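Engineer: how does the following fold in three dimensions:
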Amino acid sequence: MVDIFAAPAFYRDVEIRKLIKAVSHPSTNPRYDNKGEPLSAQHWQQLEQKLALSMLAAEVPLQFALVTTRSKVRTFPTNEPVFSSITDHKLDRFQETALFPGEAVQVLHQSADQQWAFVRNYHYSGWVELQHIALTEKSVAQQYVSSDDFILVTGATAMTNVTPEMPAASAVQLEMGVKLPRVRQHAPVVNGQNASFSYVVLLPVRQSNGQLQLVQALISRNQDIAEDYLPLTQANILRQSFKFLGERYGWGHDLNGRDCSGFIGEVFRSFGVMLPRNTGAQAQAGFAVQWTPANAIGSMKQQEQRLALSSALNKAQTGDLIFIPGHVMLVLGHDQGELFVIHDVAGLRYFLADGSFYQSMLNGVSITPLSPLHQDPQHSYQDGIYMLKSFSKELYEHSAH
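Structural biologist: Predicted coordinates for the structure are as follows:
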């Protein structure tokens, strides 16, 4: 998590290089293209050439931009998909995350073909196609995102009104948590439509020269929109999470969806709570009350450890977060002694009554019981729990910090 507006006016080339190489480097695991061919050393070299690191000046002036349309953030400046196996083409390993309209980013570098920019927003860095961002002055971007008179998307998605008179502002997809400044003083007719029954907002669009233009756009009042952040309550956490129920799982916000940590991040943006992007970073971040089995249990015997974890899970409340390696779940509550969670999840694995191990797919935002779920035949979800976070005021009995 960074304050992009607190950065100096210039970066040194070594700093930019370090930021880029932290994202854009050859994988230590096998990777395959969409034809099932393994990526060779030559292929990795070609990808690294796209980074144009030799073109970095000794001092790189810091530029800013506003995101104009939902965009993919990639490991390398390419839309070429890369997979971890010959047969599994579900998870594109070059897909990192997504940016949403109205977000501000630092623009640090351009690719060799000058079609991509390496950008940094409040919780991630990576490559985005230039067509999705518009360059502007730091003061303009800062003023735009810090406006205290705004509308907030509280549905899973919303759309600006279709306006043939202003194509750049027509049917722009907005995600939960997107915040756009209100326009209070405007003509009765905006973009060919009477504005009486819509919100008028200031929308960023990209001009042909790549520069920012702020235009008026309409969002009809029948959409799921709020005029302030929602109160952080258990009821609202449930309402917001259920708005994604059934949405297709998308690794790194792929497939116009989101993954487990993206789902959690969007839900809590509704309340003005900005979280790190990935599961591990969300677990490590110092928000909410934390309970960690390692600290709470110490040198207990295995049976005592399980009892301590079971006690903590029994105290888990609606809206709490449960972390296992690579995955995060949101607690719904207890029913007949079972803890139920909602999570954005790809696989489904558990033991059947006859002792056989069942494997299938959920591939979406789903409601499941916690205790039957397994990562593999040897490890249950519960075995992997390393962090619980609670937004309630009450500490878990064994809370260590």
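
Engineer: all contacts plus neighbour counts: C-alpha atoms, from now on.
Structural biologist: OK.

Engineer: show me where the stretch 201-350 of the chain has strands.
Structural biologist: 212-220, 225-226, 289-291, 321-324, 327-335, 338-351 (DSSP state E, counting those that start in this stretch).

Engineer: list the buried residues of stretch 10-27.
Structural biologist: Of all the residues in stretch 10-27, those buried under the rule 16 or more other Cα atoms under 10 Å are Tyr11, Asp13, Ile16, Arg17, Leu19, Ile20, Val23, Ser24, Pro26.

Engineer: quick check, the third one in contact with Leu108.
Structural biologist: Yes: between Ile16 and Leu108 a contact is recorded at 7.0 Å, counting by Cα atoms under 8 Å.

Engineer: check contacts around the residue most central in space within the chain.
Structural biologist: A centroid search over the chain (Cα atoms, centre = their mean) returns Gly262, at 3.4 Å, as the residue closest to the centre. Residues in contact with Gly262 (Cα atoms under 8 Å, 6 or more residues apart in numbering) are Gly252, His253, Arg277, Asn278.

Engineer: show the buried residues in the residues you listed.
Structural biologist: Gly252, His253, Arg277, Asn278.

Engineer: the last one and Glu304: what is the separation?
Structural biologist: So that's Asn278. Distance, Asn278 to Glu304, using Cα to Cα, to the nearest Å: 31 Å.

Engineer: now swap in Thr69 and tell me
Structural biologist: 52 Å.

Engineer: between the two, which one's more packed in?
Structural biologist: Between Thr69 and Glu304, counting by other Cα atoms under 10 Å, Thr69 is the more crowded of the two (23 against 12).

Engineer: and for Asp113, the neighbour number?
Structural biologist: Around Asp113 there are 10 residues (other Cα under 10 Å).

Engineer: secondary structure of it: a helix, I assume?
Structural biologist: No: checked against DSSP: H, G, I helix; E, B strand; the rest coil, Asp113 lies outside a helix; its state is coil.

Engineer: now do the contacts for the closest residue to it other than its chain neighbours.
Structural biologist: Nearest non-adjacent residue to Asp113, counting by Cα to Cα, 6 or more residues apart in numbering: Lys50, 7.2 Å away. Contact analysis of Lys50 by Cα under 8 Å, 6+ apart lists Phe76, Pro77, Ser111, Ala112, Asp113.

Engineer: which two in those are spaced the farthest apart?
Structural biologist: Spatial extent of the contacts of Lys50 (Cα to Cα) is set by the pair Phe76 and Asp113 at 12.4 Å.

Engineer: mind checking the longest helix of this structure?
Structural biologist: As assigned by DSSP state H, the longest helix anywhere in the chain is helix 302-315.

Engineer: buried residues, that one. List them.
Structural biologist: For helix 302-315, by 16+ other Cα under 10 Å, it's Gln305, Arg306, Ala308, Leu309, Ala312, Leu313, Lys315.

Engineer: report pLDDT for the last one.
Structural biologist: Turning to Lys315, the model gives it a pLDDT of 89.

Engineer: low-confidence bits of this structure, can you list those?
Structural biologist: 294-303, 305, 393-401 (pLDDT under 70).

Engineer: I am finished for the moment; much appreciated.
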